[in-house]
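# Okay, here's the prediction I keep looking at, along with the sequence it came from:
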Amino acid sequence: ESSQDIIAVLSFDGVWRSMNPASEAIFGLKPSELIDSNIEKLFFDDSEKERFFKIVQTSAEEVTERIDIKMLNNKPELVWVNWSLTLSNTDKNIYCIGRDVTLARLAEEQAKIRSKQILLAEQYAREGSESKSLFMTKLSHQLRNALTSILGYLQLLSNGIYEDQEEHDSFVALAEENSEELFTYVSDMVEVALADKEGSFESMRNVLLADTVYDAKNNMMSQVEDGRELEVTFLEGKDTQAIADKKHLTEALQLIFTALTETKEKSVLQINAVENKYEGALEIQVLSESNSLVAEMIDVYKKESSNLIEAIKNDKNDIILNF
């Protein structure tokens with residue numbers, strides 16, 4: 001009578017045979033409203049119902065099984081209940097103890113959401129840092145090359161091409177001095193950019209794209225445990241080279257392959273790699289067959305693109321995070 005946990009008995013087909021008053025605190029329903037009714041109406045959805053009865057059907061007699069199930073109270077609101085279930089084939093009953101663990105599970109979900117949000121924010125920060133550092137490095141190299149030429153010409157001029165032009169030579173000397181100062185500044189920019197990347201640009205090399213793609217595929221296949229099959233082929237650019245950190249590129253492709261094959265037992269992915277000389281970049285397309293996750297990702301992105309970090313809490317399948 002005084003217990004805050006549900007103490008009840010279910011028949012094998014899910015009909016309540018007895019119930020203590022704790023049902024009022026947890027479900028907002030009196031024992032008299034539950035007895036002789038089926039537990040099915042309390043489940044949050046069909047998947048939770050299937051999880052519950054799967055435990056019941058596979059459990060050994062007199063062995064207590066524990067499971068957290070999402071259920072609904074009479075409002076209806078989500079209630080997480082931790083069930084301890086003991087089956088008796090002798091009297092065809094399931095003896096149940098149910099504890100409300102809603103606050104603990106919600107806190108756990110919030111912690112997971114925050115962890116995912118931090119992960120996505122870190123990804124944004126890495127992308128921003130890499131973009132800034134790459135821009136600074138490319139700009140610095142271009143400026144340094146240009147300044148080297150300017151310095152060469154100025155040194156020729158200052159070495160006597162314009163004899164007896166004292167005033168002109170003084171301007172040339174000033175220009176040379178300023179150019180050297182600017183050259184030093186640009187060299188410092190390169191060092192700052194490289195330091196900002198903690199030396200990662202030093203690991204960027206010419207990488208054969210095909211090798212990286214097949215490494216990513218093999219890594220993925222060695223980690224998935226659901227028996228899925230993957231075939232990867234090239235439409236174009238199999239012999240193309242990418243300037244990249246091979247480890248990072250392999251990890252990125254592996255994540256893409258994993259996400260694109262998650263809903264299928266057998267998948268065929270096609271790679272299309274094209275050099276964009278105008279942008280100075282290698283464009284890589286990963287083409288897949290029809291995939292519900294891709295459609296969902298596009299839909300989520302369209303609706304939530306202004307703030308993807310906040311959208312994580314509505315992204316139940318981790319679509320944003322995986323892609």
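Yep, it's here. Here the structure is a predicted model, which means the values were calculated and not measured. Numbers count the residues shown, from 1 in each chain.
# Around Val172, how many other residues sit close by?
By the measure other C-beta atoms under 10 Å, the count of residues near Val172 is 20. For the C-beta atoms, the positions are set from N, CA and C on the backbone; glycine is no exception.
# Leu154 versus that one, what's the distance?
Applying C-beta to C-beta, to the nearest Å, one obtains 6 Å for the distance of Val172 from Leu154.
# same question, Leu253
Leu253 is 48 Å from Leu154, where distance means C-beta to C-beta.
# just Glu40 next, same as before
If you measure Glu40 against Leu154 using C-beta to C-beta, the figure is 87 Å.
# swap in Leu29?
Leu29 sits 90 Å away from Leu154, taking C-beta to C-beta as the criterion.
# which residues of the stretch 151-300 of the chain fall in strands?
For the stretch 151-300 of the chain, strands defined by DSSP state E, counting those that start in this stretch occupy the ranges 205-208, 229-236, 241-244, 266-276, 281-287.
# so which of these gets nearest Phe183?
strand 241-244 (25.7 Å; C-beta to C-beta).
# Which elements pack onto that closest one?
With contacts taken as 3 or more C-beta pairs under 8 Å, 6 or more residues apart in numbering; DSSP states H and E, strand 241-244 sits against strand 205-208, helix 209-223, strand 281-287.
# Out of the ones you listed, flag the one nearest Phe44.
helix 209-223 (31.1 Å).
# which strands and helices sit next to the closest one?
Applying 3+ C-beta pairs under 8 Å, 6+ apart, one finds that helix 209-223 makes contact with strand 229-236, strand 241-244, helix 246-260, strand 266-276.
# Pick the most deeply packed of those.
helix 246-260 (a mean of 18; mean count of other C-beta atoms under 10 Å).
# Comparing Glu40 and Leu154, which residue is more hemmed in?
Neighbour count, other C-beta under 10 Å: between Glu40 and Leu154, Leu154 has more, with 19 against 13.
# And for that one, nearest residue in space, chain neighbours not counted?
Leaving aside its chain neighbours, Leu154 sits nearest to Glu176 (4.5 Å; criterion: C-beta to C-beta, 6 or more residues apart in numbering).
# coming back round to it: out of the helices and strands packed on helix 209-223, flag the one nearest Glu122.
Using C-beta to C-beta and comparing the helices and strands packed on helix 209-223, the one that lies nearest Glu122 is helix 246-260, at 14.2 Å.
# Now do the closest one: distance to the chain's middle.
Distance, stretch centre to chain centre, for helix 246-260: 11 Å (C-alpha atoms, centre = their mean, to the nearest Å).
# Noted, bye for now.
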